[in-house]
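Colleague: Next input, structure requested:
(chains A and B)
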Amino acid sequence: MTPNDAPNALPAGTDFIRTVVAEDMKTGKWGGKVVTRFPPEPNGPATLGQAKAIGIDFGIAEEFGGECHLRMDDTNPEREEEEYVEAIKEDIRWLGYDWGEHFYYASDYFDQMHRYAVELIRQGKAFVCDLSADQVREYRGTLTEPGRESPYRNRSIEENLDLFERMRLGEFENGSRTLRAKIDMASGNVNMRDPIMYRIVKVAHHRQGDKWCIYPSYDWAHGIEDSIEGITHSLCSLEFQDHRPLYDWFLDQLGVHHPRQYEFSRLNLTYTVMSTRRFRVMVEQGLVSGWDDPRLSTLRGLRRRGYTPEALRDFCRRIGVAKTDSMVDYAFLEHCLREDLNKRAPRVMAVLNPLRVVVENYPEGQVEEMEAINNPEDPEGGGTRKVSFSRVLYIERDDFMEDPPKKFFRLAPGREVRLRYAYFIQCEKAIKDENTGEIVELRCTYDPETKGGNAPDGRKVKATLHWVSADHALPAEVRLFSHLFTRENPLDVGPDEDWKDSVDPNSIETLTGCRVEPSLKNAQAEDRFQFERLGYFCVDPDSTPERLVFNRTVTLRDDWAKIQSSQKK
RNA sequence: UGCCGGGUGGUGUAAUGGUAACACGCCUGGUUCUGGCCCAGGUAUUGAGGGUUCGAGCCCUUCCCCGGCAGCCA
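Modeller: Numbers count the residues shown, from 1 in each chain, chains lettered A, B, ... in the order given. You can find the predicted model right below:
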């Protein structure tokens, strides 16, 4: 499935950005071209929040026949690492997007940025400031009061040129001087109060080595990066709205190609956080097992969990693009996922919490091969497989109740149910552990006439259970996950609380005694299945043929669970 | 007390002066060899006032509420 033939496709040009792009294409504003870019800072692998941006940046370029550049925004040598460059590329490729030849590093433009900076100094629009970081903050004023001009603001062009060159040469200490744009210390927009263009950071750059000891700030660098690459529509999130006047100012002073910046609201999802910064904290503090922890909303976490790139793309498209701050319901993400997995995931039978069942009237030693459909959503294409039936089976513990409440349709003493693709069985007796009272085994009888699952006399059963044959089933470990945070909005905390407070240490539950059908023997990492009646599961990279390991990606919708919880009330 | 942005069902989006729509969620019911899928139905919406207009979610106006901004981060 490609994004274009996805169900519920939105008409093109619906959101405000696509409207602008469509209009620009019509008027020929950019010569009939659209060039976007996705500019991540390589400080961690890609997140679901970034997937939204990726979907917009690459998606719009694709839809309008343009191109989207992938650009590593590596202007801060203290925070960025090469390993994340590869990680991000891999994440984007996995999502299904392609930047073609257009892979760039902001650091490749350092020379040009430096020349432009010198040009601004020559124009008298930038100056070297000797104020310390604390002093700069003081002079900047507050949100409601104007700032004061730096005492170094009126240095001569010659002196600025000299000082800036000596900054570059490494003559001054970290933080001792900056290059600042000369704009307006009284501006209501704090970003315009003589913003810093260059800071001294004597740290080697992951690509430039020790060539530089001055590094450009985001505001100075970003517009130039966009300009050099011939970007037409520079799309970013809402928090950069206040920076747009500055983006425009720099490009106007330089008189160079001037893309337009448009901002959209970033993705927020219930029961999780989205920023690389916070994920890093969780990884470093061991709150999660790593960047690919299946509970984490990193792309690699979601991937390990079993999310498909198609579902993620569909989700990103369906949440839309707007400027409203929003909080998307996690259930919607799960809906998109189930919709995709329902169509493609092969069905298999697996028992998570086994309860032994002995079919007393079934001949000892006999084995029958039952034919099972691999995917009822695609009966022909999906084909069938054989599952072994024998005298001793396992069913799910939850599928039996000794004293069932109303609306419990499954197995109970004296009750008859169907075993999927096999026979009707009736429960004769529940055997309990003498000491604990725990039910350890069920004694049942089967009706030989019901082979294949239908009774010749037309009698019906109210439930069909999944099962595995005790002698044939494979042992497996299954990891169940719930929301990483207990709070709907983890960031919505009081003054004495921390966003990490609602991290749920019980959000992972490992089941080791599971039994799965033999067809799963050669399942490979990232293979996805529907365990019938339970949910979608994905083979974890930890899995080996001897010890299969599955992650529960998402449960099936479960009406019985809803009935149960309403019965409790 | 500054600047910028935003308010449409519980949630996310649409409606470009002309019947407020779609999806998720939730609730009913049907169907079913998955209490899945599918099908049918239901639920609930323009922040407030004033104005312009035959007609306003949309235009004007006053107000209210929410978010962002005071890194040598991005």
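Colleague: Over to the residue of chain A found nearest RNA strand B. Which of the three states is it?
Modeller: Nearest residue of chain A to RNA strand B, counting by Cβ to the nearest atom of the strand: residue A:453, 1.8 Å away. For every residue, glycine as well, the C-beta is placed using N, CA and C. At residue A:453, secondary structure determined by DSSP: H, G, I helix; E, B strand; the rest coil is coil.
Colleague: which one is it nearest to, not counting chain neighbours?
Modeller: Using Cβ to Cβ, 6 or more residues apart in numbering and skipping residues adjacent in sequence, the residue nearest residue A:453 is residue A:418, 5.5 Å away.
Colleague: now swap in residue A:552 and tell me
Modeller: residue A:480 (4.9 Å).
Colleague: Spit out the contact partners of the residue nearest to residue A:453.
Modeller: Taking Cβ atoms under 8 Å, 6 or more residues apart in numbering, we find residue A:418 in contact with A:424-425, A:450, A:453, A:461, A:463-465.
Colleague: Same question for residue A:374.
Modeller: Counting by Cβ under 8 Å, 6+ apart, residue A:374 makes contact with A:346-347, A:382-385.
Colleague: go on, residue A:448?
Modeller: Counting by Cβ under 8 Å, 6+ apart, residue A:448 touches residue A:423.
Colleague: got the phi/psi numbers for it?
Modeller: phi -60, psi -20 (degrees, to the nearest 10).
Colleague: And it, how far from residue A:468?
Modeller: Between residue A:448 and residue A:468 the distance is 21 Å, computed by Cβ to Cβ, to the nearest Å.
Colleague: Okay, now the unreliable bits of the stretch 1-150 of chain A?
Modeller: In the predicted model, the stretch 1-150 of chain A carries pLDDT under 70 at residues A:1-13.
Colleague: how about the residues of the stretch 1-150 of chain A near RNA strand B?
Modeller: A:8, A:10, A:13-16, A:19, A:39, A:41, A:73, A:75-76, A:79, A:131-133, A:136-137, A:140, A:142-144 (Cβ under 7 Å from any atom of the strand).
Colleague: hang on, the earlier thing: tally of neighbours for the residue nearest to residue A:552?
Modeller: Using other Cβ atoms under 10 Å, residue A:480 has 17 other residues around it.
Colleague: I'd assumed residue A:507 was in contact with it.
Modeller: No. Under the criterion of Cβ atoms under 8 Å, residue A:480 is not in contact with residue A:507, lying 9.3 Å apart.
Colleague: can you pull out the helices in the stretch 101-250 of chain A?
Modeller: Residue ranges of the helices in the stretch 101-250 of chain A, as given by DSSP state H, counting those that start in this stretch, are A:110-122, A:133-140, A:157-169, A:218-228, A:244-254.
Colleague: is it possible to export those to a markdown table including mean neighbour count?
Modeller: Below are those laid out as a markdown table (neighbours: other Cβ atoms under 10 Å):
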| stretch | mean neighbour count |
| --- | --- |
| helix A:110-122 | 18 |
| helix A:133-140 | 14 |
| helix A:157-169 | 16 |
| helix A:218-228 | 23 |
| helix A:244-254 | 18 |
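Colleague: Need the contact partners of the helix or strand containing the residue nearest to residue A:552.
Modeller: For residue A:480, the host element (DSSP states H and E) is strand A:474-481. Residues outside strand A:474-481 that contact it (Cβ under 8 Å, 6+ apart): A:294-295, A:305, A:350, A:352, A:507-518, A:520-521, A:537, A:540, A:547-552.
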